[in-house]
Structure formats: C-alpha cells, structure tokens
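S.K.: All I have is the shape, not the residue letters:
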C-alpha cells in the first residue's frame, strides 16, 4: 500500500502525512518555501514538481526509502472534529471549486436528492438554512463512513485517525503531531528539528486557505450546528479522533484541545 497522502521536501528535510482540512495548504507551502525560498504560485495541491508527493509515481521510491529508514523528521497536523466536518460541508458541499464547478461532479446533486439538503448558489448569495442542511449532510457523512453507502467516504470527512494510521501501519513513525488550533507553536517544533535550505519565519507566512471565498460564509457559531443528535452522530464517526487527539466532545463551542497528544498511544492504537 505504501504511503498515500505523504509529502516530502526534495531536500528530504521533513516528511508530512497530509490530513485534509487541517492546514494542509499552508504546511505544503511552508515545505516548498523551505526548499526553494519562495512559495508555490498556485494551489500547492496542484504542484507536480518542487515537492515529493506519494501521488507522483516518480516520488514514491524516495518517500518509501526515507520513511522506512526514518531518515527525516515526520509529522502531521490535526483539527477539532466539529470544526473540520463543518469546514468540509461549507467547502466541498456548498462551495464552488477552483475549476468553477461543484465538487466531484454529481456528488452534490446526489446528496441534495437523497438527503434533502440545500446548498444555495452564488446568484442568491448562498441563502439557505445552513443548520438544517448541515445536519442532513452529517447523516450522509455518517452513512458513507459507517456503511460505505451511497458511496465510499471522501477524504475530506473521513476520520483523521484513518489518514494518520496508514503511515504507521505501513512502517512509518511520527516524531510530532500538532494542532491546527495552535499552528505556529506546532509548526515551529517541526522547523526547530530540521535543517532546511531556506529559513522559514512563521510570523511572515500567509495562511493559504484555498477553499476560502468560493462558497457561503458560516452564519452561526459552531455550537449552533450541533444539537444532541448531531453530537451523537459526530461521536459515532469520530470517536477515535476525539480520544486520541484530545478534543472536547462535550462542548462543540470549545475548539481547543483539552490535553496533549501521546505519540506512543497513537502509534499503539493506530498501528494495530
């Protein structure tokens, strides 16, 4: 199976396991800058050179050799499951993608038809009942993850534990896992542990939010989207994410972690 979702600098200074909706655009750009002294012009997910990616066949031998020998500092980044699934809804279900179309072709029409959600459109200023539609989307996300129906789960709402585990199961080991909510603090730990061709000053790095501005703005506080049933569904889908990465299931309003991540526990539980 190898190391899907894994990126590595060309200088092999660091290895990163991408977790969608967890600052991956910014992290990729920092990696690119640390090698080349400039940011990639465009969405880093589109870059086919300047960064090793598992999705690029010619990069696979270099990534595999590095990760199996643990030659470089390896890390990933996580995010509160409540804000992550909300972000996935607004970006992938409601938003217009950078190609000017809806995400994954017939995905959105299918969810509208089968689950009765609304997504709004740019012409009407994305006016729709966000809370009602999000809760119906949550049922759809649960069905894809638990029952693989009406489709397999999408990478943007499948669990962080699932993404992170493939790296461990196939022979990798993380040196650091940090929180999107404490981004600069966590990314600085990475930079302090690696030698890069170009020095990165995190205070001067812009946030590369490639999904911003293509869909509706969130109209309510996070907690308003989650009633008792929604919280139950979120816990059913993301129990291991809450437990392993120390997020507060009881309070959707609290996006901050409530403890530190135990790397040994992560490797033990996700390496089974």
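M.R.: Good, I have the coordinates. The model shown is predicted, which means the values in this text are computed figures rather than measured ones.
S.K.: pLDDT below threshold where in this structure?
M.R.: 210-213 (pLDDT under 70).
S.K.: I'd like the distance between residue 35 and residue 19.
M.R.: 21 Å (CB to CB, to the nearest Å). Heads up, the C-betas are built off the backbone N, CA and C, glycines and all.
S.K.: Please say which of the two ends up with more neighbours.
M.R.: residue 19 (26 against 18; other CB atoms under 10 Å).
S.K.: could you measure the more buried one against residue 107, distance?
M.R.: 21 Å.
S.K.: can you map out the helices along the stretch 1-150 of the chain?
M.R.: Ranges of helices in the stretch 1-150 of the chain, per DSSP state H, counting those that start in this stretch, are 24-36, 60-69, 81-88, 107-115, 130-147.
S.K.: who wins for proximity to residue 12 among those?
M.R.: Among these, the nearest to residue 12 by CB to CB is helix 60-69 (5.7 Å).
S.K.: counting contacts, what elements does the closest one pack onto?
M.R.: Helices and strands touching helix 60-69, by 3 or more CB pairs under 8 Å, 6 or more residues apart in numbering; DSSP states H and E, are strand 6-8, strand 14-17.
S.K.: Mind listing the strands the last one pairs with, and their directions?
M.R.: Read it as strand 14-17. strand 6-8 (antiparallel), strand 73-78 (parallel) (DSSP bridges).
S.K.: most packed of those strands?
M.R.: strand 6-8 (a mean of 25; mean count of other CB atoms under 10 Å).
S.K.: Give me the distance from it to the chain's centre.
M.R.: Computed by CA atoms, centre = their mean, to the nearest Å, the chain-centroid distance of strand 6-8 equals 14 Å.
S.K.: List of residues touching it?
M.R.: 14-18, 28, 31, 51-54, 59, 62-63, 66-67, 72, 167, 172 (CB atoms under 8 Å, 6 or more residues apart in numbering).
S.K.: do that again at 6 Å, thanks
M.R.: Residues outside strand 6-8 that contact it (CB atoms under 6 Å, 6 or more residues apart in numbering) are 15, 16, 17, 51, 52, 53, 54, 63.
S.K.: Quick check: closest non-adjacent residue to residue 244.
M.R.: Excluding its sequence neighbours, the residue lying closest to residue 244 (CB to CB, 6 or more residues apart in numbering) is residue 266, at 5.6 Å.
S.K.: Then residue 231?
M.R.: Per CB to CB, 6+ apart, closest to residue 231 is residue 252, 6.8 Å.
S.K.: the helices in the stretch 151-272 of the chain, which residues?
M.R.: Counting by DSSP H, counting those that start in this stretch, the helices of the stretch 151-272 of the chain are 160-169, 183-192, 228-245, 263-270.
S.K.: What residues of the last one count as buried?
M.R.: When you say that, I think you mean helix 263-270. 266, 267, 270 (16 or more other CB atoms under 10 Å).
S.K.: try the second one
M.R.: Judged by neighbour count (16+ other CB under 10 Å), helix 183-192 contains these buried residues: 183, 186, 187, 190, 191.
S.K.: contacting residues around residue 96?
M.R.: residue 214.
S.K.: What count of nearby residues applies to the residue nearest to residue 263 when sequence neighbours are not counted?
M.R.: Among residues not flanking residue 263 along the chain, residue 174 sits closest, at 6.2 Å (CB to CB, 6+ apart). Residue 174 is flanked by 20 other residues according to other CB under 10 Å.
S.K.: before we move on, what about residue 166?
M.R.: 18.
S.K.: ok, back up a step: and which of the buried residues of helix 263-270 is nearest to residue 133?
M.R.: Nearest to residue 133 among those, with distances taken as CB to CB, is residue 270, at 32.4 Å.
S.K.: where's that closest one relative to residue 7, distance?
M.R.: Distance from residue 270 to residue 7, by CB to CB: 19 Å.
S.K.: Tell me the spacing between the closest residue to residue 188 other than its chain neighbours and residue 262.
M.R.: Nearest residue to residue 188 in three dimensions, chain neighbours excluded: residue 202, at 6.0 Å (CB to CB, 6+ apart). Between residue 202 and residue 262 the computed distance is 25 Å (CB to CB).
S.K.: Next up, the contacts around residue 241.
M.R.: 81, 159, 160, 161.
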